[in-house]
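Provide a 3D model corresponding to the input given below.
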Amino acid sequence: MTEKQIEDLFIRYDVRALPVVDDNNEVIGLVSYKEVSAAKMRLINKQEKRLRQIEKAVADGRKLPEDRPLESAVKGWMKQKVQLAEASLTMAEVEQLLLETDVGYVP
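Numbering: from 1, shown residues only. Next up is the predicted model:
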């Protein structure tokens, strides 16, 4: 999935974080709104850099730079240190788990 697709999921389901699963439906990471925002900033920076390269190539009469996809895969910027919580835990136990592991979200 791309940054835009994940952002659409955040908006559609009104959530601030989503688990990332592999083909076996095992949790392999977590993506939060913070990571998506940072990825979007990197995408904007890449777009601006590409525009500068195109403008320079045109001004110099050179061949335009190769057009490459700008978006990146979730795996490249998701949080990979994920703490899972059993559904049977109480909120106090989940809170303690968050404090002990220094993670901001539990999928």
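
quick one: pLDDT of the residue of the chain positioned farthest from its centre?
For the chain, the residue at maximal distance from the C-alpha centroid (Cα atoms, centre = their mean) is Gly61, at 37.4 Å. At Gly61, the pLDDT value in this model is 89.

Trp77 now?
So Trp77 comes in at 69 (pLDDT).

Then the one 10 residues further on?
At Ala87 the predicted local confidence, pLDDT, stands at 84.

Could you pull up the residues touching it?
With contact set as Cβ atoms under 8 Å, 6 or more residues apart in numbering, Ala87 has no partners. (Each C-beta comes from the backbone N, C-alpha and C, glycine too.)

Enumerate the positions of the biggest helix by length in the chain that are buried.
Ranked by number of residues, the top helix in the chain under DSSP state H is helix 33-60. Within helix 33-60, the residues scored as buried using 16 or more other Cβ atoms under 10 Å are 35-36, 39, 42-43.

what do you get for stretch 79-99?
Buried, per 16+ other Cβ under 10 Å, within stretch 79-99: 79, 82-83, 97.

next structured bit after the longest helix of the chain?
Moving toward the C-terminus from helix 33-60, the next helix or strand (DSSP states H and E) is helix 91-101.

quick one: average confidence on that following helix?
Here the average pLDDT along helix 91-101 is 83.

Run the chain-centre distance for it.
Distance of helix 91-101 from the chain centroid (Cα atoms, centre = their mean, to the nearest Å) equals 24 Å.

CA atoms only: put it into PDB for me.
Extracted in PDB, the C-alpha atoms of helix 91-101 (Å, rounded to 0.1, in the frame of the first residue of the first chain):
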ATOM      1  CA  MET A  91      -6.800  -1.700  30.200                       C
ATOM      2  CA  ALA A  92      -4.500  -1.400  33.300                       C
ATOM      3  CA  GLU A  93      -2.300  -4.300  32.000                       C
ATOM      4  CA  VAL A  94      -2.200  -2.800  28.500                       C
ATOM      5  CA  GLU A  95      -1.200   0.600  30.000                       C
ATOM      6  CA  GLN A  96       1.600  -1.100  32.000                       C
ATOM      7  CA  LEU A  97       2.700  -2.900  28.800                       C
ATOM      8  CA  LEU A  98       2.900   0.400  26.900                       C
ATOM      9  CA  LEU A  99       4.900   2.000  29.700                       C
ATOM     10  CA  GLU A 100       7.300  -1.000  30.000                       C
ATOM     11  CA  THR A 101       8.000  -1.300  26.200                       C
END
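
Cool, thanks, signing off.
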